[in-house]
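1. 3D model of this:
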Amino acid sequence: MTSTAKITSKIPCTIVTGFLGAGKTTLVRNLLENAGGRRLAVLVNEFGDIGFDGSFIEGCGIAGCSEDDIVELPNGCICCTVADDFVPALNKLLNRPNPPEHILIETSGLALPKPLVTAFNWPDIRSRVTVDGVIAVVDGPAVASGLFADDPEALAAQRAADASVEHDNPLEEVFEDQLLCADMILLNKTDLMSVSDRNRVKGDINEHLPRAVKIVETDHSGVDPSLILGLNAAAEADLAARPSHHDALEAHDHDDFDSVAIPVGTVASPEALAARVGKAAEAEGVLRIKGFVPVQDRPMRLVVQGVGQRVAHHYDRPWNAGEDRQGRLVVIGLKGFDRSAVEAALAG
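-> Just a heads-up that it's a prediction; the model follows:
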């Protein structure tokens with residue numbers, strides 16, 4: 001009887017969503033590092049031509065996590081390529097001789113979570129998997145500074161005062177859709193926020209949620225896995241409680257965004273690179289810069305990312321023997337952002 005229950009039970013999947021640079025990959029790494037013997041697998045999707053997040057996780061040397069446990073979907077936004085990419089990749093994991101006990105799905109920062117949740121009702125997979133929970137990771141300082149505000153009244157007043165604004169900002173819609181679909185929200189980077197800013201952001205988020213959703217304060221996406229895994233939300237059966245700006249649309253595109261990978265050679269120091277990245281981030285239309293580079297006289301690979309005026313960096317792992325020590329930075333920005341200015345800034 002016990003073996004039958006194991007065969008017929010659905011494998012839980014946790015969807016990790018959130019805007020650019022919020023801390024999704026760091027959360028996934030933390031969950032892998034603290035799996036406690038549980039077999040976890042990861043589907044990771046990043047907007048752009050290079051699956052940076054996948055290589056970041058795959059090469060991290062986490063015990064019990066092999067290359068077979070990481071599946072990258074770099075060919076486009078996961079919510080736009082459900083039939084071509086997501087479902088086949090999920091089936092590949094499920095059909096392994098020793099399938100995972102729990103699957104983590106890290107979406108692109110530009111992905112809408114609801115179409116992905118809806119896909120769990122597809123005949124190919126609905127009897128085998130369930131959405132254990134949708135976790136929205138929020139960049140607290142960014143929201144506190146008004147970069148991705150989700151107050152519709154304030155936005156309406158701003159648009160009314162500016163005759164050049166003729167349509168909704170898609171970034172705001174994506175951000176709000178991620179919150180509206182969530183079963184739990186991680187307010188991340190709270191170590192960089194004042195108490196009043198934390199309370200203000202939590203209040204703003206709560207005002208726009210259609211149901212009670214727990215908001216957990218974190219820094220560096222540090223959270224006990226038992227709080228994230230095992231929510232038993234069965235979100236695919238609860239779609240009506242997860243409204244979206246795009247419910248009436250069959251699909252969406254990302255024509256408002258550009259992504260480009262820029263090669264970067266060996267740098268003298270992390271601080272020197274951070275200064276260059278910070279200058280590049282000031283270019284008109286740039287939203288995020290993320291990647292890894294070699295540092296002179298250091299055996300470790302340096303990971304760097306810049307969002308707005310904030311640039312963070314850390315060493316993640318040694319360069320492998322025979323590995324090409326060529327750095328690359330992925331720049332994501334609004335359509336037509338000034339690529340030449342970015343390249344000039346990164347060149348130093």
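
2. average pLDDT for stretch 28-46?
-> For stretch 28-46, mean pLDDT is 86.

3. Run the chain-centre distance for that stretch.
-> Centroid displacement of stretch 28-46 relative to its chain, using C-alpha atoms, centre = their mean, to the nearest Å, is 14 Å.

4. which of the residues in that stretch are buried?
-> Buried residues in stretch 28-46, counting neighbours by 16 or more other C-beta atoms under 10 Å, are found at 28-32, 35, 40-46. No exception for glycine: its C-beta is placed from N, CA and C like everyone else's.

5. And for stretch 312-320?
-> Result for stretch 312-320 [16+ other C-beta under 10 Å]: buried residues His313, Asp316.

6. ok, now stretch 211-223?
-> Val213, Ile215, Glu217, Thr218, His220, Ser221, Val223.

7. How much space separates Ala240 from Val131?
-> 14 Å (C-beta to C-beta, to the nearest Å).

8. which helices and strands does the biggest strand by length in the chain pack with?
-> Longest strand in the chain, counting residues (DSSP state E): strand 129-139. Under the contact criterion of 3 or more C-beta pairs under 8 Å, 6 or more residues apart in numbering; DSSP states H and E, strand 129-139 touches strand 11-18, helix 24-33, helix 113-119, helix 170-180, strand 184-188.

9. Could you spell out the sheet neighbours of that strand, each with its direction?
-> Counting by DSSP bridges, the strands paired with strand 129-139 are strand 11-18 (parallel), strand 184-188 (parallel).

10. which is the next helix or strand following the shortest one?
-> Stepping forward along the backbone from strand 184-188, the first helix or strand reached (DSSP states H and E) is helix 195-207.

11. to the chain's geometric centre, what's the distance from the helix or strand following that next one?
-> Scanning forward in sequence from helix 195-207 by DSSP H and E, the next helix or strand is strand 214-217. Relative to its chain's centre, strand 214-217 lies at 17 Å (C-alpha atoms, centre = their mean).

12. May I have strand 214-217 as CSV, with CA atoms only?
-> This file holds the C-alpha atoms of strand 214-217, laid out as CSV (Å, rounded to 0.1, in the frame of the first residue of the first chain):
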residue,chain,number,x,y,z
LYS,A,214,2.5,36.0,4.4
ILE,A,215,5.3,38.5,3.9
VAL,A,216,8.7,37.3,5.3
GLU,A,217,11.6,39.7,5.8
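
13. Strand partners (parallel or antiparallel) of it?
-> strand 184-188 (parallel).

14. any residues touching the strand it pairs with, and which ones?
-> With contact meaning C-beta atoms under 8 Å, 6 or more residues apart in numbering, strand 184-188 is reached by 18, 22-23, 27, 133-140, 179, 198, 201-202, 205, 213-221, 223, 227-228, 231.

15. at 7 Å instead, please
-> 22-23, 27, 133, 135-140, 179, 198, 201-202, 205, 213-219, 221, 223, 231 (C-beta atoms under 7 Å, 6 or more residues apart in numbering).

16. So which residues of this protein form strands?
-> Counting by DSSP E, the strands of the chain are 11-18, 40-44, 70-72, 102-106, 129-139, 184-188, 214-217, 257-264, 286-294, 300-307, 310-318, 327-334.

17. Ala240 and Val131: which is more packed in?
-> Legend: neighbour count by other C-beta atoms under 10 Å for Ala240 and Val131, higher for Val131 (28 against 8).

18. Which pLDDT does the model give that one?
-> 96.

19. Quick check: it vs Ser194, distance?
-> Val131 is 35 Å from Ser194, by C-beta to C-beta.

20. before we move on, what about Arg96?
-> According to C-beta to C-beta, Arg96 and Ser194 sit 47 Å apart.

21. How many neighbouring residues does Ala119 have?
-> Neighbours of Ala119 using other C-beta under 10 Å come to 21.
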